[in-house]
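*Asks:* Generate a structure from the sequence data that follows.
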Amino acid sequence: MKKISLFFAALFLYLGSAYAQEKKMWVQVNIDLSFKNKDGADLLGSSFVNDSIVVYNIVEGKKIKVNKPHADYPNNHFTFYDKATQSTILRVFLEEETTLLQLNAKTTDTIKCSLKKEKGAVHLYKVWYNGKLKYKFGKGAPGIITVLYPTNKCN
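*Replies:* Numbers count the residues shown, from 1 in each chain. Here you go, the predicted structure:
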């Protein structure tokens, strides 16, 4: 009888600790970007090749290329067509406060973000794109950040 009680006590402690660990999971944070020229034309669908886009995280001052071969999005980004805006959108997953987005051989943009971590949840609070505040959490915050380039190519 003592062994059975001990078994159930150990099982209870194990299950309780597993439940507590689930609450501390990292929530992936992302932004959606639309690239337009001065006339409003969609640049992502015409000027970029998704395979050429590279995401780097800045970790302790070092530039580290994102490469997670077993993840759904191993390079922390993907593109999709948004029917509502009739444009191609680049979704970038943010893991660090500073992320570099290499769009092509000549263009690398900087994304800085402020994350709020409260009670096991993480949400995006502010986003700066190339030094300009583009997003602030709250009512009226844009779902898609539009990046304007003066020409048809981002170079």
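
*Asks:* what residue ranges in the protein score low on pLDDT?
*Replies:* 1-28, 46-51, 151-155 (pLDDT under 70).

*Asks:* one more time with 80, if that's ok
*Replies:* Along the chain, the model assigns pLDDT under 80 to residues 1-28, 45-51, 117-123, 139, 150-155.

*Asks:* any idea what sits nearest the most centrally placed residue in it, other than its immediate chain neighbours?
*Replies:* Nearest to the mean C-alpha position of the chain, by Cα atoms, centre = their mean, lies Phe93 at 1.7 Å. Leaving aside its sequence neighbours, Phe93 sits nearest to Asn76 (Cβ to Cβ, 6 or more residues apart in numbering; 4.3 Å). Every residue, glycine included, has its C-beta placed from N, CA and C.

*Asks:* tell me the contacts of that neighbour?
*Replies:* 55, 66, 68, 92-95 (Cβ atoms under 8 Å, 6 or more residues apart in numbering).

*Asks:* And the strands in this structure?
*Replies:* Counting by DSSP state E, one finds strands in the chain at the ranges 29-37, 54-59, 62-65, 77-82, 87-94, 98-102, 108-118, 121-129, 132-136, 145-149.

*Asks:* chain center to the fifth one, what's the gap?
*Replies:* How far strand 87-94 lies from its chain's middle: 8 Å, per Cα atoms, centre = their mean, to the nearest Å.

*Asks:* returning to that earlier point: could I get the strands of the chain in CSV, plus columns for distance to Leu44?
*Replies:* Shown next, in CSV, are those (distance: least, Cβ to Cβ, whole Å):
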stretch, distance to Leu44
strand 29-37, 5
strand 54-59, 15
strand 62-65, 21
strand 77-82, 6
strand 87-94, 4
strand 98-102, 12
strand 108-118, 13
strand 121-129, 14
strand 132-136, 16
strand 145-149, 9
